[in-house]
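Trainee: how would this look folded up:
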Amino acid sequence: MGLNTPNRQEGAFAIEMAFVLAFLVTLFLFSADLSQQVLNRAKLDRVSYSLVNLVKERQRFYEGRIALSQADFLQIRDIAARLLNKSQVEDREQFGITVQSLVEGNQTSFSKSFAGDTACEPDNSIASLSALVPENDEGKRFPLYQVTLCMTSSSWYDRAIGQHLISATSVMPGR
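Mentor: Presented below is the predicted three-dimensional model:
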């Protein structure tokens with residue numbers, strides 16, 4: 001008798017199906033986890049872009065003051081918390097924010113750490129982006145603003161690659 005006889009293959013399908021289903025379930029969970037991370041990153045991108053647009057509209061929202069103040073930063077931080085659905089006091093430790101400005105060569109930076117003492121730092125400092133500052137016809141340089149948002153990540157994918165932080169940075173010249 002050979003190995004292909006029916007009485008020797010009973011249960012082989014069930015064992016193979018268990019391996020295939022385990023692989024498919026793992027693949028599905030990994031894909032769902034990865035898509036959640038993409039959604040979180042997109043959310044941070046949208047919020048940082050909205051906040052940098054808010055900051056650059058200094059004439060409209062901040063009585064024409066070009067320079068950032070601590071009070072402005074606190075307002076921006078509160079708006080970021082609302083946009084990220086983290087308006088509760090205990091939820092505010094789940095994200096960090098850094099707002100930087102470059103006005104007439106003077107750099108100003110305000111930051112809120114998160115998850116203990118984790119700093120939310122942009123990849124590039126605003127001083128290194130000074131080449132992006134446009135000038136008007138009279139040679140006056142416009143201000144430059146940068147907003148960076150950070151959140152911790154608890155996904156399987158991020159654990160696999162050793163990354164636990166999602167961040168988004170937006171840069172915009174003022175008017």
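Trainee: ranking helices and strands of this structure by mean pLDDT, which lands last?
Mentor: helix 156-161 (a mean of 67; mean pLDDT, DSSP states H and E).
Trainee: you'd agree Ile97 is up against Ser109?
Mentor: No - counting by Cβ atoms under 8 Å, Ser109 is not a contact partner of Ile97; they are 11.2 Å apart. In short, each C-beta sits where N, CA and C put it, glycine included.
Trainee: neighbour count winner among the two?
Mentor: Between Ile97 and Ser109, counted using other Cβ atoms under 10 Å, Ile97 has the larger neighbour count: 25 against 17.
Trainee: quick one, phi psi at the more buried one?
Mentor: Backbone torsions for Ile97, taken as degrees, to the nearest 10, come to phi -140, psi 140.
Trainee: which residues touch it?
Mentor: Taking Cβ atoms under 8 Å, 6 or more residues apart in numbering, we find Ile97 in contact with Ile76, Arg77, Ala80, Ser111, Lys112, Cys120, Val147, Thr148, Leu149, Cys150.
Trainee: which element is Trp99 on?
Mentor: I think there's a mix-up here, since residue 99 is Val and not Trp. For Val99, the element it lies in under DSSP states H and E is strand 95-103.
Trainee: that should have said Leu21, apologies.
Mentor: Assigned by DSSP H and E, Leu21 belongs to helix 12-56.
Trainee: now do the helix or strand following that helix, average pLDDT.
Mentor: Next in sequence after helix 12-56, counting helices and strands by DSSP H and E, comes helix 58-61. For helix 58-61, the mean per-residue pLDDT is 72.
Trainee: and helix 58-61, which residues are buried?
Mentor: For helix 58-61, the neighbour count (16 or more other Cβ atoms under 10 Å) marks Arg58 as buried.
Trainee: re earlier: note down every partner strand of the helix or strand following the least confident helix or strand of the chain and its orientation.
Mentor: Downstream of helix 156-161, the next assigned helix or strand under DSSP H and E is strand 165-173. Note on strand 165-173: by DSSP bridges, its sheet partners are strand 144-152 (antiparallel).
Trainee: what residues sit buried inside stretch 103-119?
Mentor: The neighbour-count check on stretch 103-119 (16+ other Cβ under 10 Å) flags Val103, Thr108, Ser109, Phe110, Ser111, Lys112, Phe114 as buried.
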